[in-house]
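Novice: Predicted structure and sequence below. I'll ask about it afterward.
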Amino acid sequence: MLKISNLSASYDHIDALHNVNIEVAEGSIVSIIGSNGAGKTTLLNTISGLVPAKEGAITYKGVPLEKIAHIIVQKGIVQVPEGRKIFAGLSVRENLILGGFHLGKHERRVKIEEMFKRFPRLKERESQQAGTMSGGEQQMLAICRGLMSNPKLILLDEPSLGLAPVLVSDVFKQIAEIRRMGITVLLVEQNARKALSMCDYAYVLENGRVILQGRGEELLCNEAISKAYLGESQGCKEDAGADDEGKL
Amino acid sequence: MLIQQLLNGISLGAVYAIIAVGFALVFNILKFSNFSHGGVLTVTAYAGFLISSKLNLGFVPTILLTAVAGGLIAMGIERVAFRRLRKKGSPIILYFVSSITMGMLLENLITVFFSSNFYSYPKFFEKSSFTIFGLNMAVTDALMLIISIVSLTILMVVIYKTRLGIAIRALSMDTNTTSLMGINVNAVIAATFFVVGCLGGIAGVFLGLNYTLYPQLGQLIVKGFIASVLGGLGNLFGAVLGAILLGVLEVTLTNIPFIGAGLSPVVIFVIMLIFLILRPQGIAGKIVHEKA
């Protein structure tokens, strides 16, 4: 569905990505793990058209992907940015309207109702300023805002960042739910254990290069990965329900 | 007497409000003080003069056409002076320099084409003033007040009730995230400049009517700037409050014997300085705080 070949990009004059090759199959969850500054966010921002690629190509459904951010969204690729980035001063409803900005009036209304059904909490807070909600609620809103645009591929940047462990599990349940809706997921996570245990395929990014790739459970059992990202010795045995000890 | 002064002050403040809100709107989305707006005021004041005298149009069509002209001019300014800076991610100071340059350019173009002669608008109304509840009011003052109220109301409806308004407010908070919503940021900014230019056009006609035409007319943008500083830069309601406060202050100061028209700008600037020291966030300040 999405194919990234030999992609290099720099951000603020720092080379952030070197020769990155990544493929995302339709209907799958692909995760990118790596430590801070590995280039994960730059990778997503390059796909989203916020950071220009220096070299390489990105193709989407077999054709080269546009380079203009708002057109990329209209083509069906939406990003839920790191740190949620909800519009704090706008109401919950206004945030959702923005998410479905290019939809027709009627379609947008239907979509908003759909989101409210999915998360009744948001309905309760419909006209409340989004910035006054709790971190978990804000993350819910950020994901719903992304879903508003009817995406085919959703890019999730650190959705569990800064959330309490119990909420982290909620977020990962949501991600599984999104896949069931038929939406392909590209997930960037520092919570490597959770990400690896739920994804179909994963890439490990270090200093802007893909150093390792493989199926999720394969990487979970990989010794080097266990040492670097999961905390030693328990890698393989831990199941998806584990808490976030694996977090860096 | 006191009420009479208050009324005069509010009418004057009404024009300042339109200027200040235009100023605040650009500050809101691009975070710089847009002094090119002064150029828009000058050009539209002359444009309104040409429209009314050459086409022989009445007051209302003149205002409407000038507003549209102002909108187009402001969109042109954004295209020429700011879009490339945005594309290159230039620092804010360059926007500021660019805006001052555009303001001067427009002012001097007007000087070239019209020389620095003074012109006056044709007389739109038979009577120049009327009396209501024992208060004397100039016809233009009354119109200024009414048209300001109407246009500011329309603006607030656009900003707070329409999809474009939501996008403008989103843009003022976070440009990148706004584009991640699938919103064409360039188009929203262009639309904002159109709205700002329309307000500038309306203000331009009133300035022309009040002060006669001269190329430096647009320097009255400083009043809009002071008003939005008093109100809290970027805050629309604050800008309106600040403008009315400024209008009332000016009228009052002019009528105090020792100060008069000569010293009143000095006092105004001193007040602005004190304001900046004591309450830098302005009257309205920032209400929303983001939760971590």
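Specialist: Structure received. Numbers count the residues shown, from 1 in each chain, chains lettered A, B, ... in the order given.

Novice: For chain B, what's its nearest residue on chain A.
Specialist: Relative to chain B, the nearest point of chain A is A:V73 (3.1 Å; Cβ to the nearest Cβ). For every residue, glycine as well, the C-beta is placed using N, CA and C.

Novice: so which residue of the stretch 51-200 of chain B comes closest to chain A?
Specialist: Closest point on the stretch 51-200 of chain B to chain A, by Cβ to the nearest Cβ, is B:G182, at 3.1 Å.

Novice: In contact with the residue lying closest to that residue once chain neighbours are set aside, which residues?
Specialist: The spatial neighbour of B:G182 that comes closest, neighbours along the chain excluded (Cβ to Cβ, 6 or more residues apart in numbering or on different chains), is A:V73 at 3.1 Å. Residues in contact with A:V73 (Cβ atoms under 8 Å, 6 or more residues apart in numbering or on different chains) are A:48, A:102, A:149, A:151, B:180-182.

Novice: Considering these, which is situated nearest to B:A138?
Specialist: Nearest to B:A138 out of the contacts of A:V73 is B:M181 (Cβ to Cβ; 47.2 Å).

Novice: Checking the closest residue to that closest one other than its chain neighbours next. Helix, strand or coil?
Specialist: Closest residue to B:M181 apart from its sequence neighbours, by Cβ to Cβ, 6+ apart: A:L98 at 4.6 Å. Following DSSP: H, G, I helix; E, B strand; the rest coil, we place A:L98 in the helix state.

Novice: Could you do A:S10 as well?
Specialist: Relying on three-state DSSP, one would call A:S10 strand.

Novice: can you check the one 5 residues further on too?
Specialist: When classified by three-state DSSP, A:D15 comes out as strand.

Novice: And the helices in chain B?
Specialist: For chain B, the helices defined by DSSP state H cover B:2-30, B:36-54, B:59-77, B:83-87, B:92-114, B:139-161, B:163-173, B:175-180, B:185-211, B:221-231, B:236-255, B:260-278.

Novice: meant to ask about chain A
Specialist: Here chain A has its helices, by DSSP H, at A:40-47, A:69-74, A:92-99, A:105-118, A:120-124, A:135-147, A:165-180, A:192-198, A:216-221, A:223-225.

Novice: Quick one: closest of those helices to B:M1.
Specialist: With Cβ to Cβ as the measure, helix A:92-99 is the member of those nearest B:M1 (47.0 Å).

Novice: Put the alpha carbons of that closest one into PDB.
Specialist: C-alpha atoms of helix A:92-99 as PDB (Å, rounded to 0.1, in the frame of the first residue of the first chain):
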ATOM      1  CA  VAL A  92     -14.100  19.000  21.100                       C
ATOM      2  CA  ARG A  93     -16.600  19.400  18.400                       C
ATOM      3  CA  GLU A  94     -14.600  22.000  16.600                       C
ATOM      4  CA  ASN A  95     -11.500  19.700  16.700                       C
ATOM      5  CA  LEU A  96     -13.500  17.000  15.100                       C
ATOM      6  CA  ILE A  97     -14.800  19.400  12.400                       C
ATOM      7  CA  LEU A  98     -11.200  20.200  11.600                       C
ATOM      8  CA  GLY A  99     -10.400  16.500  11.300                       C
END
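
Novice: Give me the contacts around stretch B:7-15.
Specialist: With Cβ under 8 Å, 6+ apart, stretch B:7-15 has contacts from B:135, B:137-138, B:141-142, B:144-145, B:148-149, B:203, B:206-207, B:210, B:227, B:243-252.

Novice: Which among those residues count as buried?
Specialist: B:137-138, B:141-142, B:144-145, B:148, B:203, B:206-207, B:210, B:227, B:243-252 (16 or more other Cβ atoms under 10 Å in any protein chain shown).

Novice: for A:G83, what are its contacts?
Specialist: So A:G83 contacts A:158, A:161-162 (Cβ under 8 Å, 6+ apart).

Novice: can you put the helices of chain B in JSON lines and add mean pLDDT?
Specialist: Shown next, in JSON lines, are those (pLDDT from 0 to 100):
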{"stretch": "helix B:2-30", "mean pLDDT": "91"}
{"stretch": "helix B:36-54", "mean pLDDT": "93"}
{"stretch": "helix B:59-77", "mean pLDDT": "95"}
{"stretch": "helix B:83-87", "mean pLDDT": "91"}
{"stretch": "helix B:92-114", "mean pLDDT": "93"}
{"stretch": "helix B:139-161", "mean pLDDT": "92"}
{"stretch": "helix B:163-173", "mean pLDDT": "94"}
{"stretch": "helix B:175-180", "mean pLDDT": "94"}
{"stretch": "helix B:185-211", "mean pLDDT": "94"}
{"stretch": "helix B:221-231", "mean pLDDT": "89"}
{"stretch": "helix B:236-255", "mean pLDDT": "91"}
{"stretch": "helix B:260-278", "mean pLDDT": "86"}
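
Novice: can you tell which of those is closest to A:Q138?
Specialist: helix B:175-180 (12.9 Å).

Novice: in the closest one, what's buried?
Specialist: Within helix B:175-180, the residues that qualify as buried by neighbour count (16+ other Cβ under 10 Å) are B:175, B:177-180.

Novice: out of the residues you listed, which touch chain A?
Specialist: The subset of those within reach of chain A, by Cβ under 8 Å from any Cβ of the partner chain, is B:177-180.

Novice: For the residue of the stretch 51-200 of chain B closest to chain A, grab phi and psi.
Specialist: B:G182 adopts backbone torsions of phi 80, psi 20, taken as degrees, to the nearest 10.

Novice: still on that earlier bit, filter the contacts of stretch B:7-15 down to the ones close to chain A.
Specialist: Okay, of the contacts of stretch B:7-15, nothing touches chain A (Cβ under 8 Å from any Cβ).

Novice: re the thing from before, please tabulate the contacts of A:G83 in a markdown table, including the columns distance to A:Y203.
Specialist: Formatted as a markdown table, the contacts of A:G83 follow (distance: Cβ to Cβ, whole Å):
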| residue | distance to A:Y203 |
| --- | --- |
| A:E158 | 15 |
| A:L161 | 19 |
| A:G162 | 23 |
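
Novice: who wins for neighbours among those?
Specialist: A:E158 (20 neighbours; other Cβ atoms under 10 Å in any protein chain shown).

Novice: so how far is A:P81 from that one?
Specialist: Counting by Cβ to Cβ, to the nearest Å, the gap from A:E158 to A:P81 is 9 Å.

Novice: Same question for B:V267.
Specialist: Taken as Cβ to Cβ, the span from B:V267 to A:P81 is 48 Å.

Novice: and these two? which has more neighbours close in?
Specialist: Neighbour totals were compared for B:V267 and A:P81, and A:P81 leads with 22 against 15 (other Cβ under 10 Å).

Novice: circling back: reformat the helices of chain A as CSV; add distance to B:V157 and mean pLDDT.
Specialist: CSV is the format used below for the helices of chain A (distance: least, Cβ to Cβ, whole Å; pLDDT from 0 to 100):
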stretch, distance to B:V157, mean pLDDT
helix A:40-47, 35, 94
helix A:69-74, 25, 95
helix A:92-99, 15, 96
helix A:105-118, 17, 94
helix A:120-124, 26, 92
helix A:135-147, 24, 94
helix A:165-180, 36, 91
helix A:192-198, 46, 89
helix A:216-221, 51, 86
helix A:223-225, 56, 78
